[in-house]
Each structure stands twice: as structure tokens, then as C-alpha cells.
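K.L.:
Mind looking at a prediction? Sequence and model below.
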Protein chains: 2
Amino acid sequence: MKIDYRLYLVTDRTLTGETHFYEKVQQALKGGVTLLQVREKEVGSREFYDITCTLKKIAAPFGVPVIVNDRLDIALAADADGLHIGEGDLPVEVARKWLGNRKLLGYSAGSPSSAAYGERMGADYIGAGAVFPTDSKKDAGTAIGLKTLEEVVKSVGIPVVGIGGISAANLSQVKATGVAGVSLISAVLGHAEPEKAAKELTLQWTT
Amino acid sequence: MKIDYRLYLVTDRTLTGETHFYEKVQQALKGGVTLLQVREKEVGSREFYDITCTLKKIAAPFGVPVIVNDRLDIALAADADGLHIGEGDLPVEVARKWLGNRKLLGYSAGSPSSAAYGERMGADYIGAGAVFPTDSKKDAGTAIGLKTLEEVVKSVGIPVVGIGGISAANLSQVKATGVAGVSLISAVLGHAEPEKAAKELTLQWTT
Ligand code: NI
């Protein structure tokens, strides 16, 4: 599976409201999102599973892979394209064992050593951040900044995606660190027009 | 795997406090618990996984199988003996598919039709309840009573375990419905001496 990491959208239903959630994700896909991560923290397993199945259907016409955050069981059950985990989740090697080699495995890291650990244990890519300070609790922790992001990129042989506080205003600086793409939440889903936001970010990345 | 459902303990760290949790579960096992379910609602995946691995080690000398509540991924990753799910969790048939046939699958049901559905979709046993009213939020919903419990037992060909508000005081009435065992939380873990509580309940069941 050849993955395009450039515009990696992470879902957040609190930003869109439940009513317009799927609609806004679809607009973002129209605007050029290349990879989609389903992140849900406060739902039951059945609802998480149902949301993932629905997002797979929405993403399919765009050929965009769907990655599940944290929950290996939801990734397996919904036959998602991959799983993204961090320190508080299942051990990387355990996740890889159950996921098999045909599914994508991402690991969140905030330092070069943590990124190298993730790669060694079997991750396919690293989500590094938070790059910039962010209001979102979900990207808690101190911002690592562009310098550390660049060090993370240099410390591993797998693709690195920057996450946290990234917007059109700082995208080119982030790209200059050598990342394969950027992970976005509010810059796309918090925008009144997610399609437009995704288009602008894609343009920003390309030029 | 031949399962002894008689004294099925469901964990609750809020009853024991974290400090004495493992100690109290071990005492309960000494007292005669025959089956152990790990139930955690407010922890991260890694912690849930670690707790399950620890409980497996504690239960192993007693030959007591360890079942994971809700989380298929934790059951798989920790190589637990089974999974217990309910309506808000993954679909039964999806859980069965990933769990395989060598692991135990339990399904929570509050009516004969729901129990029959669970059996048809692949469950190995039914957890039926709440039998009696209970303070615990975890067994929310109206109590089904002994009559409905008996109807559930008659509606399926697989073992049924009663759950909710069961104690030494009503155990013989519950047993008379034809259940294969009783599921207990507070009657054992809320007791100052879980070993003594489990012993008394075992005696109550046997006589
Ligand atoms: Ni102690």
C-alpha cells in the first residue's frame, strides 16, 4: 500500500457537531485530504465501530485510507486500513502482531528516541508533535517545535507526519523539516468550509 | 475448554481501591471463584492491557479462566481466555469471527429474545440480568427478576449466568432458576474479607 501522507485529517466530532460530522469530513475529502484517522475518546465500542464503517464508505470513492486511533479491535472489526497508537495504548509490537503486515501502523512520538523506538517495534510511520502549542486537550503536552520535529525526521527511516497547531500560516515551515505530511484537525474541521480549507492547505503544500 | 460458571467474579477497582485490588481478587480466588471477568471502563488501552496481564498471572495458579469485558483487542493482545460483550459493544458475530472458536464469548441479555439472539450469533454463554435491583451503575436498567431469569434459561441451549444484586441471601433462589452460575461484584469485592465471602457463596451454591 503506497500511502500519501500529505494531508492527514484526524476527526473530531466536538469541532463539527454530530449533525454535520460526516458532511464536513466528506467536504474535507473533496478538498484533497489524503489520509483519514478516526479518533473517538468518549464513545462505546459499537458506536466507534459504526462510525468507522460509515467513514470507510465515505472515504472509499476518494481512495483515501482510513486509520483507527488507539483501538486495535475497531480497526480489525471494521477492516480499516490501519491503526494509530501512542504511549498509553497497546504496545507497538503487540499491535503489529495482531494487525499483520498488510495494515498501516502509526506511532505517536514527541522525541527522536521515542520515534526510533516506534520504528524498531514495527511502526510504518511516526506522528510527531505537538509541533506548535494547541488549545486541544487531545494534543496535550509541551510543543516540541520545528527543530525537534526535524530531529525526529532525521532519526528514523520511516515517514514522519507533523501534528499539533499546524495551519496554512505555518505549513511551509513544517514542510521544510522534511515531514511526509501534516496531520490536521481544527485547521480543516474547525473551518466553516472544510473543502476550501483542505484545498488551500493542499495548494500551500504543493507550492 | 470446560468452564465452571458457578462463582463468576467481575472486577471493580472502585470497590476495592487500587492499592488492594490485586490482593482482594487473589483472596476471592482462594475462596473459590471459578471464573474471572476484567471490567474497566475509565482506563487507557495500555493500562487495561497491563491489568489483564497481571490478573492472568494471579488467576493461573488457580486454573481460573480470565475473560475481558467489552474490549476484543485487550482479550486478543493479552491472550485472555475469552470476551464478554453486550449490546453497546461490538456485534457478537464480529467478535466471534476475530476471537475464533477456542476462546469463550459471553453476551449480556435482559430478555429471552436477546439471549436467543446472542446464542444464534455465536455466544458461548449468556450473562442475564440485572436479576435484582442494584446500586451499581454498571448493572443499570430495570431488574428482570427471577421469573424472567428462568425464561432466559429456558430460551437458550447455552449456559446462563445470573448477574445483578446477587448475594448469599438470595443465591439459592437464583440457583433454582437453572442458571449455571452467578456473577458477583460487590458481594465479593465489596466484602471486607473476599476469601470468606467467596467461600460462603460457594457453600451456599453447593448445598
Ligand atoms: Ni494490603
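P.N.:
Structure received.
K.L.:
Return the list of helices and strands in contact with the worst-scoring helix or strand of chain A on mean pLDDT.
P.N.:
Within chain A, no helix or strand scores below helix A:13-16, which has a mean of 90 by mean pLDDT, DSSP states H and E. Counting contacts by 3 or more Cβ pairs under 8 Å, 6 or more residues apart in numbering or on different chains; DSSP states H and E, helix A:13-16 is packed against helix A:21-30, helix A:186-189. In this view, the C-beta of every residue, glycine as well, is placed from N, C-alpha and C.
K.L.:
Of these, flag the one that's most buried.
P.N.:
Of all the helices and strands packed on helix A:13-16, helix A:186-189 has the most neighbours on average by mean count of other Cβ atoms under 10 Å in any protein chain shown, namely a mean of 24.
K.L.:
Provide the contact partners of that helix at residue level.
P.N.:
Applying Cβ atoms under 8 Å, 6 or more residues apart in numbering or on different chains, the contact partners of helix A:186-189 are A:9, A:11-12, A:15-16, A:24-25, A:28, A:31, A:33, A:134, A:136, A:166-168, A:194, A:197-198, A:201.
K.L.:
Surely residue A:15 touches residue A:185?
P.N.:
Yes. Residue A:15 is in contact with residue A:185 according to Cβ atoms under 8 Å; the separation is 6.9 Å.
K.L.:
Look at those two and report which has more neighbours.
P.N.:
Per other Cβ atoms under 10 Å in any protein chain shown, whichever of residue A:15 and residue A:185 has more neighbours is residue A:185, with 24 against 17.
K.L.:
Quick check, pLDDT for the more buried one.
P.N.:
If you check residue A:185, the pLDDT there is 94.
K.L.:
Could you do residue A:136 as well?
P.N.:
You'll see residue A:136 listed with a pLDDT of 64.
K.L.:
Also the one 4 residues further on?
P.N.:
According to the predicted model, the pLDDT of residue A:140 comes to 56.
K.L.:
now the helices for chain A?
P.N.:
Secondary structure of chain A by DSSP state H: the helices cover A:13-16, A:21-30, A:45-59, A:72-77, A:92-99, A:112-120, A:145-155, A:171-175, A:186-189, A:194-206.
K.L.:
out of those, nearest to residue B:97?
P.N.:
Across those, residue B:97 has its closest neighbour in helix A:72-77 (8.2 Å, Cβ to Cβ).
K.L.:
Please report the number of neighbouring residues for residue A:120.
P.N.:
Residue A:120: 11 surrounding residues under other Cβ under 10 Å.
K.L.:
Redo the helices and strands packed on helix A:13-16 as JSON lines? Include distance to residue B:106.
P.N.:
Output for these, formatted as JSON lines (distance: least, Cβ to Cβ, whole Å):
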{"stretch": "helix A:21-30", "distance to residue B:106": "33"}
{"stretch": "helix A:186-189", "distance to residue B:106": "38"}
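K.L.:
So residue A:43 is in contact with residue A:51, correct?
P.N.:
Yes. In this structure, residue A:43 is within contact of residue A:51 by Cβ under 8 Å, at 7.3 Å.
K.L.:
who has more neighbours, these two?
P.N.:
Under the criterion of other Cβ under 10 Å, the comparison of residue A:43 against residue A:51 puts residue A:51 first, with 20 against 13.
K.L.:
how near is the more buried one to chain B?
P.N.:
Separation of residue A:51 from chain B (Cβ to the nearest Cβ, to the nearest Å): 13 Å.
K.L.:
tell me the contacts of that residue?
P.N.:
Contacts of residue A:51 (Cβ under 8 Å, 6+ apart): A:38, A:40, A:43.
K.L.:
Let's see which of those residues end up in strands.
P.N.:
Members of the contacts of residue A:51 lying in strands (criterion: DSSP state E): residue A:38.
K.L.:
quick one on the thing from earlier: so which of the helices and strands packed on helix A:13-16 gets nearest residue B:85?
P.N.:
Here helix A:21-30 is closest among those (Cβ to Cβ), at 25.5 Å.
K.L.:
ok, back up a step: any quick PyMOL command for the buried ones out of the contacts of helix A:186-189?
P.N.:
To isolate the buried ones among the contacts of helix A:186-189 in PyMOL, judged by 16 or more other Cβ atoms under 10 Å in any protein chain shown, type:
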select buried, chain A and resi 9+11+12+15+16+24+25+28+31+33+134+136+166+167+194+197+198+201
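K.L.:
Spell out which residues of chain A are next to chain B.
P.N.:
Chain A comes close to chain B at residues A:44-47, A:49, A:70-74, A:76-77, A:85, A:87-91, A:94-95, A:98, as judged by Cβ under 8 Å from any Cβ of the partner chain.
K.L.:
Just the buried ones among those residues, please.
P.N.:
By neighbour count, with 16+ other Cβ under 10 Å, these hold A:45-46, A:49, A:70-74, A:76-77, A:85, A:89-91, A:94-95, A:98 as buried.
K.L.:
possible to save the contacts of residue A:51 as JSON lines with distance to residue A:122 and pLDDT?
P.N.:
Below are the contacts of residue A:51 laid out as JSON lines (distance: Cβ to Cβ, whole Å; pLDDT from 0 to 100):
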{"residue": "A:38", "distance to residue A:122": "21", "pLDDT": "98"}
{"residue": "A:40", "distance to residue A:122": "24", "pLDDT": "92"}
{"residue": "A:43", "distance to residue A:122": "27", "pLDDT": "92"}
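K.L.:
Including distance to residue B:154, could the contacts of residue A:51 go into JSON lines?
P.N.:
Formatted as JSON lines, these follow (distance: Cβ to Cβ, whole Å):
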{"residue": "A:38", "distance to residue B:154": "42"}
{"residue": "A:40", "distance to residue B:154": "39"}
{"residue": "A:43", "distance to residue B:154": "35"}
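K.L.:
so which of the contacts of residue A:51 would you say is closest to chain B?
P.N.:
Closest approach to chain B among the contacts of residue A:51 (Cβ to the nearest Cβ): residue A:43, at 9.2 Å.
K.L.:
got the contact list for residue A:113?
P.N.:
residue A:155.
K.L.:
What's the separation between it and residue A:129?
P.N.:
The spacing between residue A:113 and residue A:129, counted by Cβ to Cβ, to the nearest Å, is 15 Å.
K.L.:
Kindly report the same for residue A:24.
P.N.:
In terms of Cβ to Cβ, residue A:24 sits 22 Å off from residue A:129.
K.L.:
for residue A:150, same thing?
P.N.:
According to Cβ to Cβ, residue A:150 stands 13 Å off from residue A:129.
K.L.:
Please say which of the two ends up with more neighbours.
P.N.:
Higher neighbour count among residue A:150 and residue A:129: residue A:129, with 28 against 19, using other Cβ under 10 Å.
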